[in-house]
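**Q** how does the following fold in three dimensions:
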Amino acid sequence: MRHSGTTPAPLAYQVRKPRMKRFSLAILLAMTLYVPLRAQELNPSDQTAADAAIKVIRPEAIAAHMRFLSDTLLEGRGTGERGHEIAARYVATELEAMGLSPGGIDGTWFQPLPLRKAELVAEQTSFELVRDGKSQKLVLDQDYVIYANLLLSDTTVDAGAVFVGYGVTSPEFQYDDYASADVKGKVAVVLRGAPARFPSTERAYFASALIAQQNAAAHGAVGVIVIDSPEFLRAQWNRVMLQLRADPPMRWLDPQGAPSDTVPEIRVLVRTNQSGAEALFAGAPKSLPEVLAAAKADKLGPFPLPGTVRIHLANRFTRVESRNVIAKLTGSDPNLANEYIVYSAHLDHLGICRPGEADPICHGASDNASGTGALLEIARAFASLPRPPRRSILFLFVTGEERGLLGSDYFAHYPTVPLENIVADVNIDGAPGLRFPIKDIVPQGAEHSTLSKDAEAAARRMGYTISPDPRPEEGYFTRSDQYSFVRQGVPSIKVDGGTQSADPAIDGATFAKNWTATNYHTPNDNMNHHFYFDSAAKSTALNFLIGYEVAEQSEAPAWNAGDFFGTKFAHKP
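**A** Numbering: from 1, shown residues only. All right, here's what the predicted structure looks like:
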């Protein structure tokens with residue numbers, strides 16, 4: 001029977017078999033006997049303090065946090081739901097017990113977020129293809145999904161459609177899908193993603209739905225239809241459809257009541273299944289298989305699709321509130337204490353995501369009770385230092401990540417300390433090495449700033465190698481909370497686990513792929529797995545060291561000269 005989290009997990013989840021005890025000892029040695037590689041930054045007393053702080057990070061504590069936060073009582077910690085509020089109070093209580101200071105609004109541990117939720121009125125929503133006077137109706141959830149509009153409660157688009165490749169315009173990479181396309185007053189049809197020849201994180205930037213909509217609007221489009229790859233559709237279409245129904249879109253509201261990250265010109269945003277895409281391309285100058293083959297060969301070109309598309313969207317709005325949780329540790333150097341390193345992790349998950357099923361709750365044990373637990377133990381490690389680091393630290397537990405990075409984006413727009421004083425963000429979204437013991441890490445985003453040196457030094461100290469992103473097509477860099485800080489000009493990093501397993505019996509790449517297909521964003525992400533808490537504690541120590549290094553250095557992190565993200569987002573003097 002599936003363990004839902006209402007009772008303590010069996011001891012097998014906490015205690016290693018004899019073979020794994022030897023592995024745990026190796027990790028402990030790596031955590032306590034690392035060789036400092038940047039002695040110019042850490043004096044001997046600081047090195048000793050870091051050693052002692054790492055020992056405070058305990059596998060059992062991470063496991064305990066995960067077990068509570070993923071319990072059925074919390075109902076999946078949905079944004080604005082009762083379960084998330086329980087989780088927020090739990091985290092605040094833990095932080096207070098550590099002796100940290102509140103970092104929220106008005107001397108509290110919390111930062112409230114005003115939110116707008118838009119729920120689709122399915123019976124009033126339709127998508128038709130009109131050709132030669134004949135109408136073909138597509139079936140909602142079967143052929144397509146449509147995203148609610150956060151600005152309009154009712155809208156209709158009746159227009160021609162033009163295929164425009166990935167819908168990317170990039171002078172930086174001499175690439176423009178719209179170069180010979182006319183989409184003014186029409187619907188832009190785009191492939192999900194961005195050219196494979198783009199670097200991993202830049203590819204993620206251009207592949208984001210927001211950038212696709214903004215670029216389509218800049219060229220005069222009134223709607224966007226996204227075509228997914230067959231590989232993605234086979235693995236995740238049902239998940240996409242179910243999540244949209246269970247988790248309607250939300251946006252935070254500014255002081256004037258306007259929702260964030262909306263593109264007024266784009267009235268409808270649609271995503272098609274294989275059947276919907278095939279219907280859309282029927283009779284087009286190129287078939288769907290030909291388009292997908294051209295994408296692989298990097299030979300895409302725009303062309304109009306036959307007939308018109310008629311899309312009607314109806315949705316209703318509700319007001320919701322949720323809260324970030326924030327703690328502060330004031331730095332010890334009078335000249336640097338007004339500068340902050342932010343550690344972030346998202347506290348929310350998907351809530352009751354499968355109504356009517358035996359277990360309807362997306363418990364979010366790995367995603368992201370593990371990251372929350374890891375951040376709590378990083379906070380405990382910092383609180384244990386005999387002297388606070390030179391710079392101040394903010395520990396930020398955000399809401400609404402699963403709804404579009406809402407909590408982190410709100411904080412980045414309305415921080416509780418001056419934005420110009422935030423010098424770096426270290427984000428944790430899933431404790432690396434939790435699901436299988438890892439030998440390598442993927443420091444997402446580190447290559448864009450001097451944080452790369454800190455990540456490399458910490459990795460060597462902890463005995464990790466560094467690998468490139470194994471799945472750049474997924475755009476992970478823009479899909480977690482560090483990206484909210486990047487967009488506000490703050491150098492940021494998120495350390496992912498690599499695919500090299502420290503256990504020869506586990507094929508890391510295959511395991512990771514299977515986990516995504518069977519457990520990610522489903523009720524199966526619960527405590528009913530053999531998690532490797534020792535490995536998670538080791539990666540937590542790594543993340544502690546990255547921030548500790550930055551907090552102790554005289555110079556703040558800086559974007560690399562001419563960097564894509566630094567140029568696009570960094571603060572102007």
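
**Q** can you show me the helices along the stretch 451-573 of the chain?
**A** Secondary structure of the stretch 451-573 of the chain (DSSP state H, counting those that start in this stretch): helices at 451-462, 482-486, 508-518, 533-552, 564-569.

**Q** repeat that for the stretch 1-150 of the chain.
**A** Using DSSP H, counting those that start in this stretch, helices in the stretch 1-150 of the chain cover 18-32, 44-56, 59-69, 82-97.

**Q** circling back: quick one, which of the helices of the stretch 451-573 of the chain is nearest to Lys137?
**A** Closest approach to Lys137 among the helices of the stretch 451-573 of the chain is made by helix 508-518 (31.2 Å; Cβ to Cβ). All C-beta atoms are positioned from the backbone trio N, CA, C, and that covers glycine.

**Q** in that closest one, what counts as buried?
**A** Neighbour-count burial for helix 508-518 flags 508, 512, 515 (criterion: 16 or more other Cβ atoms under 10 Å).

**Q** nearest to Glu321 among those residues?
**A** Once Cβ to Cβ is applied, the member of these that ends up nearest Glu321 is Trp515, at 33.0 Å.

**Q** where does the stretch 1-150 of the chain dip in pLDDT?
**A** 1-42, 44-45 (pLDDT under 70).

**Q** gap between the residue minimising distance to the centre of the chain and Glu339?
**A** For the chain, the residue nearest the mean C-alpha position is Ser480 (2.0 Å; Cα atoms, centre = their mean). As judged by Cβ to Cβ, to the nearest Å, Ser480 and Glu339 stand 23 Å apart.

**Q** go on, Arg192?
**A** According to Cβ to Cβ, Arg192 and Glu339 sit 39 Å apart.

**Q** report the contact partners of Val121.
**A** By Cβ atoms under 8 Å, 6 or more residues apart in numbering, the contact set of Val121 is 314-316.

**Q** of the residues you listed, buried ones?
**A** Buried among the contacts of Val121 (16+ other Cβ under 10 Å): 314-315.

**Q** quick one: secondary structure of Phe317?
**A** strand (DSSP: H, G, I helix; E, B strand; the rest coil).

**Q** rewinding a little: now mean pLDDT and distance to Glu402 too, for the helices of the stretch 451-573 of the chain, in TSV please.
**A** Listed next are the helices of the stretch 451-573 of the chain as TSV, based on pLDDT from 0 to 100; distance: least, Cβ to Cβ, whole Å:
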stretch	mean pLDDT	distance to Glu402
helix 451-462	96	25
helix 482-486	98	14
helix 508-518	93	15
helix 533-552	97	21
helix 564-569	94	23
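
**Q** could I get those helices as TSV with distance to Asp261?
**A** Below are those laid out as TSV (distance: least, Cβ to Cβ, whole Å):
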stretch	distance to Asp261
helix 451-462	25
helix 482-486	10
helix 508-518	25
helix 533-552	28
helix 564-569	15
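
**Q** of these, which is nearest Ser101?
**A** When these are compared (using Cβ to Cβ), the closest one is helix 533-552, at 16.0 Å.

**Q** that closest one vs helix 451-462, what angle?
**A** 130 degrees (axes from the mean of the first three to the mean of the last three Cα atoms, to 10 degrees).

**Q** quick check: angle from helix 533-552 to helix 44-56?
**A** Comparing the axes of helix 533-552 and helix 44-56 via the same axes, to 10 degrees yields an angle of 150 degrees.

**Q** centre of the chain to helix 533-552, how far?
**A** 19 Å (Cα atoms, centre = their mean, to the nearest Å).

**Q** report the buried residues of that helix.
**A** Buried-residue list, helix 533-552, by 16+ other Cβ under 10 Å: 533-552.

**Q** all set, thanks.
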